[in-house]
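K.L.:
predicted coordinates and the sequence they were generated for:
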Amino acid sequence: MSSLRISTDVRSGTVARSTAAGLVIFGTAFAVTGHASADEVIVGLVTKTEVNPFFVKMRQAAEEEAKAKGVKLIARAGKFDGDNEGQVTAIEDLISAGAKGILVTPNNSTGMLGVIKKAREAGVLVIALDTATDPADAVDATFATDNFQAGVQQGAYARKALGDKKPVLAMLDGTPGGTVDTFRHNGYLKGFGLAEGDPAIAGSAITNGAQDKGQVGMENLLSKNGDINAVYTINEPAAAGAYAALKSFGKEADVMLTSIDGGCAGVRNVKAGQIAATVMQFPYKMAANGVDAVVEYAASGKKPSGFVNTGSFLITDKPIAGIDSKDTEWGLKNCWGD
Amino acid sequence: MPEPELASTAAGSDAGAAAAGPVPAVASVWSGSTLRELFSYPITGPLFALVVIVLVFSLTTSTFLNAGNLSLILQQSVVVGTLALGQTLVILVSGIDLANGAIMVLATVVIGSYAAHGDPVTALLLGLVVCVAAASLNGLAVTRFRLPPFIATLGMFTILTAAARLYSQSRSFPINSDLITVLGTGPSIGTITITYGSMLWIVLTIVLGYALTQSAWGVRVYAIGNSPIAARLNGINVNAMIFGVYGLAGVFYAFGAWQALGRTPIADPSGYQIANLDSITAVVIGGTSLFGGRGGVAGTFVGALIVVVLKNGLTQAGIDSLYQQIATGFLVMLAVGVDQFLGRGRRA
């Protein structure tokens, strides 16, 4: 169709022009920013979502490290918690784009085994960050917090802080079936010195790691048993919800509330005395170490393997003899999120 | 119907021509301008857009235009693409289905939990029953209880999302049956893999496109979308037809569930939370009018591909995938803008 035709018919011209204009704008914007060179080392990062501050920190750290090492980072994410298909698609696209290594925080431990296998067969280094796959050796290596150990740190602190009091424990879990959830839960019990099913456990609630559900769960557990004096929480939002419930029951001073994560909001809650202690994990280490590993692999062909613990620290302003901890001032310098 | 229109429909046996379908716009805007004539076919705009986008990515990246990558794009389109076939049907009769993703997820969970201990064929059939039953409930709410489709299906979306979580107790079910995951597999030549799911999507598009354009049933679907009153006066049982269309859409949602388990062999109640909106996006970008009665499944096929091509191509180029969402949003508005423009032309 000739341009002459377009100008002779005003109305059809509008349709064609608006379509063409949109595409030209898109194309130009694209041509300016685009263009990956063929021999550049590409590192792919696929997080669970774009919104969770934990993954935002991870992405920032990966971008900084990639810049420092002179490699190209392409970041993708699921659109929501549970977007397995979105993550599979992202990994496929990254293989297609010629990524040398892919760092992934799988939404589901078994949901993307197929595509991970495909990536490794194509010679791509695959490292799980934060969340292990099931089986764990489906990936080359896992860079994550030892969540069992982090649970032990939380439980041991809570038990010691209770002193001679007879413990009555409430457990605010995340989402049943998640590996992180199970590790933290079991670690806490181990550190606390209780077996699963011990009568000292007054009850548990599912929070999905969300503040509102943490609050409702804690309210329900408190109305069931008013003697609760220790509360395990899967993460700091759940702990914030638990604190709100404890406060409304007038129990906030009598209960040993502890948590895991190391988000800045959580550390501030520790500083304010709402949470007694939290165990900090380090998403930026996972991401930066991951980028480094891909750079190393691209240079020498050397692959990392197995589980690499990126560490965890207990953060509290009420330290207890015999338990390693850092104060909230240190915590606020090293936390993630706002 | 004027001669040229019949000729163009009959000439093509491929999906593109078949489902471009009855084009009511052509008759009244027959102005002699070839361009206008071309753009009055709902498929032209989307096809043009797809070609331009593919060209841009092919010229600016070294990895996009590669047979393996193109076959991958097809694989990535199948789940939303199959759901969008049902969505197209519903939208053609001036409805909308916000529940289709939730219906599909419920079906995957039912299939996954049954197949954990039971026979995979029965599991898939159960999935089909769930989809048709839930989609028929949509139809019942719209026809019998006279609820606006937006509200009826919004309600169903909420109910079924919760139902899937209750039923599964928020657990996900890994799928180990080869039959249930078969659509994610298929013959490979080098890096090219054409999965059975890709083939199924193409076949379903052709079959539905043929039915919509070549059968009396298809004529009635378009007639209802154009004017339910005129359709009734012409002796069409409008309510029964609309109910049937919603139920039939459920069959495509069941195929969508099967496709989904082929793509990712896990039935996860928290998966596909925005598949409903993704399917509407594919339909609208594909040139089907939200007012009903105009468009078809070939456009939807192209629309689904456009969304995936944008995401894939931007990743090849190393551009933040959030730009894909921005580009998709612009295309949706552009497509509806074009539709509005042509709609005015039709009534003028």
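P.N.:
Good, I have the coordinates.
K.L.:
CA only for contacts and neighbour counts going forward, please
P.N.:
Will do.
K.L.:
end to end, how far does stretch A:126-143 reach?
P.N.:
End-to-end distance for stretch A:126-143: 11 Å, by C-alpha to C-alpha, to the nearest Å.
K.L.:
how far is it from where the chain is centred?
P.N.:
Its chain's C-alpha centre and that of stretch A:126-143 lie 14 Å apart, by C-alpha atoms, centre = their mean, to the nearest Å.
K.L.:
contact partners of that stretch?
P.N.:
Residues from elsewhere that reach stretch A:126-143 (C-alpha atoms under 8 Å, 6 or more residues apart in numbering or on different chains): A:101-106, A:108-110, A:113, A:116-117, A:119-120, A:125, A:144-145, A:179-180, A:283, A:286-287, A:289-290, A:303-310.
K.L.:
what residue lies at the spatial centre of chain A?
P.N.:
Nearest to the mean C-alpha position of chain A, by C-alpha atoms, centre = their mean, lies A:Phe54 at 5.0 Å.
K.L.:
which element is that one on?
P.N.:
A:Phe54 belongs to helix A:53-69 when assigned by DSSP states H and E.
K.L.:
in that helix, what counts as buried?
P.N.:
A:53-59, A:61-66 (16 or more other C-alpha atoms under 10 Å in any protein chain shown).
K.L.:
before we move on, the earlier item: near chain B too, which of the contacts of stretch A:126-143?
P.N.:
Filtering those for neighbours of chain B using C-alpha under 8 Å from any C-alpha of the partner chain leaves A:Thr110.
K.L.:
among the contacts of stretch A:126-143, which lie within helices?
P.N.:
A:113, A:116-117, A:119-120, A:179-180, A:283, A:286-287, A:289-290 (DSSP state H).
K.L.:
and the least confident of these?
P.N.:
Across the ones in helices among the contacts of stretch A:126-143, the bottom pLDDT score, 75, is held by A:Thr179.
K.L.:
show the contacting residues for that one.
P.N.:
A:109, A:131-132 are the contacts of A:Thr179 under C-alpha under 8 Å, 6+ apart.
K.L.:
same thing but at 10 Å, please
P.N.:
A:108-109, A:131-134, A:147-148, A:185 (C-alpha atoms under 10 Å, 6 or more residues apart in numbering or on different chains).
K.L.:
swap in A:Ala265?
P.N.:
A:236-237, A:240, A:271, A:332, A:335-338.
K.L.:
report pLDDT for it.
P.N.:
Confidence score, pLDDT, at A:Ala265: 93.
K.L.:
secondary structure element for it, which one?
P.N.:
Using DSSP H and E, the element containing A:Ala265 is helix A:264-271.
K.L.:
what's the closest non-adjacent residue to residue 283?
P.N.:
With no chain named, the answer covers chain A. Closest residue in space to A:Pro283, ignoring its immediate chain neighbours: A:Met58 at 5.3 Å, by C-alpha to C-alpha, 6 or more residues apart in numbering or on different chains.
K.L.:
hmm, no, I was thinking of chain B.
P.N.:
Of all residues not flanking B:Val283 in the chain, B:Thr300 sits nearest, at 4.7 Å (C-alpha to C-alpha, 6+ apart).
K.L.:
and the one you found, how many residues sit next to it?
P.N.:
By the criterion of other C-alpha atoms under 10 Å in any protein chain shown, B:Thr300 has 31 neighbours.
K.L.:
follow-up on the earlier one: got TSV for the contacts of A:Thr179, with secondary structure, neighbour count and distance to B:Ile91 too?
P.N.:
Putting the contacts of A:Thr179 into TSV (DSSP: H, G, I helix; E, B strand; the rest coil; neighbours: other C-alpha atoms under 10 Å in any protein chain shown; distance: C-alpha to C-alpha, whole Å) gives the following:
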residue	secondary structure	neighbour count	distance to B:Ile91
A:Asn108	coil	25	34
A:Ser109	coil	20	37
A:Thr131	coil	23	41
A:Ala132	coil	28	42
A:Thr133	coil	26	41
A:Asp134	coil	15	42
A:Asn147	helix	28	48
A:Phe148	helix	22	51
A:His185	helix	26	48
